[in-house]
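Participant: Sequence below, structure please.
(one chain, ligands or ions: 1)
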Amino acid sequence: MNQKNSDILFERAQKVIPGGVNSPVRAFGSVGGTPLFMEKGEGAYLYDADGNRYLDFVSSWGPLILGHRHPVVLEAVKKAADRGTSFGTPTKAEVELAEKVVQMVPSVEKVRMVNSGTEATMTAVRLARGFTGRDKILKFEGCYHGHSDSFLMKAGSGVATLGIPGSPGVPKSLAADTLLAPYNDWKAVEKWAQTHGDELAAIIVEPVAGNMGTILPDADFLSRLRAITRKTKSLLIFDEVITGFRLSEGGAQKVYGIEPDLTCFGKIIGGGLPVGAVGGRCEVMDALAPAGPVYQAGTLSGNPLAMAAGWATLDFLQKNDLWFQLNEKANGFTDRLKRWIQTKELPLCINQIGSMFTIFFTKGPVGNFSEASETDTQKYSQFFNALLEKGVYFPPSAYETVFLSTAMTQADLEFAFEAITQSLEEIY
Ligand code: PLP
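Facilitator: Okay, the predicted model is just below:
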């Protein structure tokens, strides 16, 4: 594969950008080789600086559920840009997106727009602390909630890819306020609740984990967390930055029938532009400034271009009820892969729900971070590179989720199936 231009760009980038990238996993550190510099996206495909084409299973790490350059989204952004790119005042577009979120997600009565998933989770935790007057939070090993200080303990995503337990720069005093439990282990949570329940501001969880690969919650896991937080009078925060507007109109909370106190959004809510949001019931949300005392702000929050892209994406999904079709497509695709893997007796395990899935390079089952860590990362790296050669772009890390988009046709998925099975045959 010719990647001369990507090589040249990466050399230039390394001189002026730490590690040559603006987000660690992009550097291909765990899969080897030069990160590909993309030049264009079109529907289900990405085109790199050397003109190579890839079927895109990363979808910009989740936001692009409609694929690249969806005409409805492009049109909305162009129209918004024609009116101005930022005003620093309230705009109708913010109200419209907030109304849409409130309409789609039943547990959300009010919503505050921010600029990223990291800001959303950071705001949710401050709000929970301010609302309850307590300091401690509980998170799960392998869950990733963005890169703010309170969450970088045993985090998933890039933190897991780099194999670091935490991050230098996070004050010990702050780390001490983050309690940890294994995902799906509600008994460990109950133990913490017995000893620290009256100090606990919130439990934050990805209702379906997507940052140690895809891991589904066990049958009663989320309902147990709901019951424990009711008992300790702590808030339950669902981080739906990945699952929000992906698994269903109402996200994972609708699929599993559990209402959290606060929900964090990101990715799809911005339709490919930088947006995050935190939402919840009025009583809690009204503790945020200026309605209440918990401070939170943002120069570009509610940016009109980003609001337009988010609204157009959600509206298009909703009007065409695309979740059912997309999920069915993903079910068919992963079922077929699972059957093929079974026939070949390969030591692989696929976790999937809706349009998100992960192929773990271990026999499985995979239900928490320590089981996910048994995945053979060297084999994943070989697999990733074999796929890339065939024009299929998977995440450059074994601990990420693969995303399908509505832009993928049956023919695209047939091409992907052939590429995946051939790649697996090459490496086993
Ligand atoms: N929460 C979850 C579940 C995520 O997957 C991510 C990012 O991948 C974040 C929070 C942080 O979002 P952002 O990268 O937009 O800051």
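Participant: give the contact list for the residue of the stretch 101-250 of the chain found nearest the ligand.
Facilitator: As assessed by CB to the nearest ligand atom, the ligand sits closest to Gly117 within the stretch 101-250 of the chain, at 2.2 Å. From N, CA and C alone the C-beta is placed, and that goes for glycine too. Gly117 sits next to 145-146, 239, 241, 264-267, 276 when contact means CB atoms under 8 Å, 6 or more residues apart in numbering.
Participant: For Asp412, which non-adjacent residue is spatially closest?
Facilitator: Nearest residue to Asp412, sequence neighbours excluded (CB to CB, 6 or more residues apart in numbering): Ala44, at 5.2 Å.
Participant: do Cys143 as well
Facilitator: Glu206 (4.9 Å).
Participant: and the one you found, how many neighbours does it have?
Facilitator: Using other CB atoms under 10 Å, Glu206 has 27 neighbouring residues.
Participant: Wait, it touches Gly244, no?
Facilitator: No - using CB atoms under 8 Å as the test, Glu206 is too far from Gly244 to be in contact (10.5 Å).
Participant: quick one: contacts for Ala44?
Facilitator: By CB under 8 Å, 6+ apart, the contact list for Ala44 reads 55-56, 67-68, 405, 407-409, 412.
Participant: Please enumerate the strands of the protein.
Facilitator: Taking DSSP state E, the strands of the chain run over residues 38-42, 45-48, 53-56, 110-114, 136-140, 178-181, 200-205, 235-239, 262-265, 276-280, 349-353, 356-360, 392-393, 402-403.
Participant: Give me the buried positions along the longest helix along the chain.
Facilitator: The residue-count maximum for a helix in the chain (DSSP state H) belongs to helix 322-344. In terms of neighbour count (16 or more other CB atoms under 10 Å), helix 322-344 has its buried residues at 322-323, 326-327, 329-330, 333-334, 337-338, 341.
Participant: Hey, what's the angle from that helix to strand 356-360? Just curious.
Facilitator: 20 degrees (axes from the mean of the first three to the mean of the last three CA atoms, to 10 degrees).
Participant: Remind me what helix 322-344 packs against, helices and strands.
Facilitator: strand 349-353, strand 356-360, helix 410-427 (3 or more CB pairs under 8 Å, 6 or more residues apart in numbering; DSSP states H and E).
Participant: now what about it, what contacts it?
Facilitator: Applying CB under 8 Å, 6+ apart, the external contacts of helix 322-344 come out as 65-66, 247-249, 316-317, 348, 350, 352, 354-357, 359, 404-406, 408, 410, 413, 416-417, 420-421, 424-425, 428.
Participant: Equivalent analysis for stretch 288-307, please.
Facilitator: Counting by CB under 8 Å, 6+ apart, 77, 80-81, 83-88, 90-91, 93-94, 96-97, 112-115, 119, 123, 126-127, 130-131, 270-271, 273-275, 285-287 sit against stretch 288-307.
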